[in-house]
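Colleague: no letters, just coordinates:
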């Protein structure tokens, strides 16, 4: 395949966002429904998607707040979850061959797991990196995420009562998302981290401490990673 | 909008933006991947997501086939397409279909 010589445009970015957007709508819809079921208003549910724009963090935020977890603990947990995004910028720049990123402070807000993956895929297929392209890719996905959330929150918790299979499927969206994310970052070096985090979470959940289980599992896994010997 | 919810959303939103945007402005090359802080940061994401998967799937363990079918669908589509979104949707679809089968 011949590489394109001119930098990709904003519209090409929007086009590249279509597969991501098609996938985002049902996941965001299920987030909107989950938020409504947990007692969050339409404005609150929409604000989660508009301002946080991270599926895993949003689902967890709703779970923690609805479960009565302290605000500071919830904030710390949710912020810790986002640390993985630190790796995306440098990885993208490596693939882009050191292109200009003067406006990254705008378009990088849209650098979700899937947008990052889509951008890397486009670059690997010969697309030339440009900031307008990244803006288009990010805006397309962002628009789908926010509108899916609004639709789900408007539909509300009881919207799917007549469709038990759909309701069951949407109920599995969260574990499915976490499992897929876990697979996407899986490496041999992180296996002990994952095993320890999972074991501590299981043990404390079975002991009747679900919120503590989540936090202790994350902390134990992270400390395991810090203490591991160099390969 | 409740002020405590808004405060949480703003704090997490600001950190989300910072984690995505700051690596383009700051030189993080001094943060050695083999240093202790580098290893802690690298492990935080996988640890968080592993804990979240376990915490969200554990209450569904008693449901048997839908959970295993949904999880297998996520694994299969991830290894076939390497797409988080497609794998998530396939898992939810498999879970819903198995749940709809007579006897579940």
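Modeller: Here it is on my side, so go on. Note that the structure is predicted; figures quoted are calculated from it, not measured. Numbering: from 1, shown residues only, chains lettered A, B, ... in the order given.

Colleague: wait, does stretch B:77-87 contact chain A?
Modeller: Yes - contact of stretch B:77-87 with chain A (CB under 8 Å from any CB of the partner chain) involves B:78-79, B:82-87. Every residue, glycine included, has its C-beta placed from N, CA and C.

Colleague: end to end on that stretch, go ahead and measure it.
Modeller: Distance across stretch B:77-87, first residue to last, is 5 Å (CA to CA, to the nearest Å).

Colleague: again with stretch A:199-217
Modeller: First residue to last in stretch A:199-217 (CA to CA) measures 7 Å.

Colleague: which helix or strand contains the nearest residue to residue A:42 once chain neighbours are set aside?
Modeller: In space, and not counting its chain neighbours, residue A:42 is closest to residue A:153: 4.7 Å by CB to CB, 6 or more residues apart in numbering or on different chains. For residue A:153, the host element (DSSP states H and E) is helix A:131-155.

Colleague: list the helices and strands that helix packs on?
Modeller: helix A:10-16, helix A:18-37, helix A:42-47, helix A:104-107, helix A:113-124 (3 or more CB pairs under 8 Å, 6 or more residues apart in numbering or on different chains; DSSP states H and E).

Colleague: repeat that with 10 Å
Modeller: When contacts are defined as 3 or more CB pairs under 10 Å, 6 or more residues apart in numbering or on different chains; DSSP states H and E, helix A:131-155 packs onto helix A:10-16, helix A:18-37, helix A:42-47, helix A:55-66, helix A:104-107, helix A:113-124.

Colleague: reformat those helices as CSV; add distance to residue A:143, mean neighbour count and mean pLDDT.
Modeller: Below are the helices and strands packed on helix A:131-155 laid out as CSV (distance: least, CB to CB, whole Å; neighbours: other CB atoms under 10 Å in any protein chain shown; pLDDT from 0 to 100):
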stretch, distance to residue A:143, mean neighbour count, mean pLDDT
helix A:10-16, 9, 19, 91
helix A:18-37, 7, 23, 88
helix A:42-47, 13, 19, 96
helix A:55-66, 15, 23, 87
helix A:104-107, 14, 18, 91
helix A:113-124, 12, 20, 81
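
Colleague: could you dump these into TSV with distance to residue A:139 added?
Modeller: Output for the helices and strands packed on helix A:131-155, formatted as TSV (distance: least, CB to CB, whole Å):
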stretch	distance to residue A:139
helix A:10-16	7
helix A:18-37	10
helix A:42-47	17
helix A:55-66	17
helix A:104-107	8
helix A:113-124	10
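
Colleague: max pairwise distance over the residues of stretch B:77-87 next to chain A: which two?
Modeller: Greatest spatial distance among the residues of stretch B:77-87 next to chain A (CB to CB): B:79 and B:85, at 15.0 Å.

Colleague: between these two, tell me which one has more neighbours.
Modeller: Shown here are residue B:79 and residue B:85; by other CB atoms under 10 Å in any protein chain shown, residue B:85 has more neighbours (26 against 10).

Colleague: ok, the more buried one to residue B:26 distance?
Modeller: 29 Å (CB to CB, to the nearest Å).

Colleague: what's the answer for residue B:87, then?
Modeller: 32 Å.

Colleague: and the residue of chain B found nearest chain A, what's its pLDDT?
Modeller: Residue of chain B nearest chain A, by CB to the nearest CB: residue B:43 (2.1 Å). We have a pLDDT of 79 for residue B:43.

Colleague: so the residue nearest to residue A:42 sits against residue A:50, correct?
Modeller: No - look at residue A:153 against residue A:50 with CB atoms under 10 Å: they stay out of range, at 11.9 Å.

Colleague: and the contacts of stretch B:56-70?
Modeller: If you take CB atoms under 10 Å, 6 or more residues apart in numbering or on different chains as the criterion, stretch B:56-70 is touched by A:59-60, A:63, A:168-169, A:171-179, A:198, A:201-202, A:205-206, A:210, A:213-214, B:71, B:90-101, B:103-104.

Colleague: quick one: distance of it to the chain centre.
Modeller: Offset of stretch B:56-70 from its chain centre (CA atoms, centre = their mean, to the nearest Å): 17 Å.

Colleague: that one: which residues count as buried?
Modeller: Using 16 or more other CB atoms under 10 Å in any protein chain shown as the test for burial, stretch B:56-70 gives B:56-58, B:60, B:63, B:66-67, B:69-70.

Colleague: let me see the contact set for residue A:121.
Modeller: A:16, A:19, A:95, A:127, B:82-83.

Colleague: please apply the same query to residue A:212.
Modeller: A:69, A:73, A:200-201, A:204-205.

Colleague: filter these down to the buried ones.
Modeller: For these, a neighbour count by 16+ other CB under 10 Å gives the buried set as A:69, A:200-201, A:204-205.
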